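**Q** Generate a structure from the sequence data that follows.
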Amino acid sequence: MKYSSIFKNGAGCKDEREVFAYLINNLNDSIRYWDYFVNWEKVLGNTRDLEVDLNILNYLIGKNDIEKEFSYLLKKHPQVVRLIPVLLACRENQFKILTDLSSGNLKYEDFSFKNKKSLSGAEIANAVRFAKGTGLLKIFKDKAIKNVVDYTVGIEVGLDSNGRKNRGGTAMEAVVETFITDICKSHGFCYIKQATSEKVLAKWKLKLSVDKSSRRFDFAVYNGKRLYLIETNYYGGGGSKLKSTAGEYKALYDFLAKDGHKFIWVTDGIGWKKTSRPLEETFNHIEYLLNLKMLTNGLLEDIIVNNL
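**A** Take a look at the predicted model:
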């Protein structure tokens with residue numbers, strides 16, 4: 001870690017050891033914003049695209065001879081066959097199902113629910129068999145579903161919850177970007193989001209060597225004299241990923257130093273409390289490792305503005 005007076009002024013630390021202690025003792029246990037929970041635009045957009053056909057399926061609710069009625073519906077409106085996976089909370093439309101375990105044999109059958117303008121009798125029979133086997137037809141018959149559109153909104157909300165992990169990562173980028181935006185506006189600097197060597201060359205005519213062709217930096221900031229490359233992440237829990245990330249950034253710092261560019265790692269999250277050793281090793285190796293508390297204290301601005 002490159003110690004300078006900014007850490008005394010911004011964090012009250014007199015040496016590198018105190019800076020690391022400040023880093024660890026001021027980790028945030030959450031960066032969840034309002035949009036962390038559900039991406040309603042995506043949920044409602046996915047449902048809206050299917051709404052007309054979903055309403056057609058409302059016809060099945062409460063029907064006693066449900067298999068016959070579903071066959072009739074598929075013959076009259078074959079496009080609704082594509083909704084069967086959706087109603088089972090699946091994104092794929094082709095399935096290989098183990099249908100028979102008798103006599104010690106494993107019998108598999110293939111089912112496809114691609115959108116079609118017409119269905120053969122065999123295709124209708126397969127779709128009905130699949131919907132029955134998965135319990136979907138019973139849900140309709142027993143009126144467990146009151147409205148298929150509302151039911152699908154619920155499914156989409158459930159599927160969208162899988163995206164929370166990714167939203168946690170992008171949330172950290174969004175938080176850090178607010179600081180970078182303010183810094184650049186205040187001092188007339190420019191920045192690039194998801195910066196590549198090609199983007200940096202095109203915008204600032206600066207050579208940026210990268211360790212791998214797929215390398216993208218969360219942010220690149222140029223103050224007119226130096227290029228600052230910034231990576232961000234947040235870890236609410238522990239795991240091997242933290243150690244590998246710390247090791248990767250040690251090597252990345254060494255690589256970027258060859259071109260004279262500055263590397264800043266902004267990380268946060270209480271996951272580091274259980275994996276502090278690899279973090280400390282990287283802290284001792286690279287010039288700048290900051291958390292969000294340090295950003296609120298103006299340390300990122302001090303580094304970039306003062307050309308440190």
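
**Q** quick one: contacts for the spatially closest residue to Ile192 that is not a sequence neighbour?
**A** Sequence neighbours aside, Ala220 is the residue nearest to Ile192 in space, at 4.5 Å (criterion: Cβ to Cβ, 6 or more residues apart in numbering). For glycine as for every other residue, the C-beta is placed from the backbone atoms N, C-alpha and C. With contact set as Cβ atoms under 8 Å, 6 or more residues apart in numbering, Ala220 has these partners: Tyr191, Ile192, Ala195, Lys199, Val200, Leu208, Leu227, Tyr228, Leu229, Ile230.

**Q** Restricted to helices, list those.
**A** Within those, membership in helices is found for Lys199, Val200, as judged by DSSP state H.

**Q** ok, so of the contacts of Ala220, who is nearest Phe20?
**A** Ile230 (19.4 Å; Cβ to Cβ).

**Q** That closest one contacts Asp218, doesn't it?
**A** Yes. Look at Ile230 against Asp218 with Cβ atoms under 8 Å: they come within range, at 5.8 Å.

**Q** which residues are common contacts for these two?
**A** Counting by Cβ under 8 Å, 6+ apart, the contacts common to Ile230 and Asp218 are Val176.

**Q** Neighbour count for those two, which is higher?
**A** Between Ile230 and Asp218, Ile230 has the larger neighbour count (other Cβ atoms under 10 Å), namely 25 against 22.

**Q** show me what contacts that one?
**A** Val176, Ile180, Phe217, Asp218, Phe219, Ala220, Val221, Phe263, Ile264, Trp265, Val266.

**Q** Break the chain down into its domains, please.
**A** As given by automatic domain parsing, the domain ranges for the chain are 5-34+164-305, 40-162.

**Q** quick one, which of these is packed in tightest?
**A** For the domains of the chain, ranked by mean neighbour count under the definition mean count of other Cβ atoms under 10 Å, the leader is domain 5-34+164-305 at a mean of 17.

**Q** and it, how far apart are its ends?
**A** One end of domain 5-34+164-305 sits 14 Å from the other (Cα to Cα, to the nearest Å).

**Q** Could you give the average pLDDT over it?
**A** The average pLDDT for domain 5-34+164-305 rounds to 92.

**Q** Understood, closing this out.
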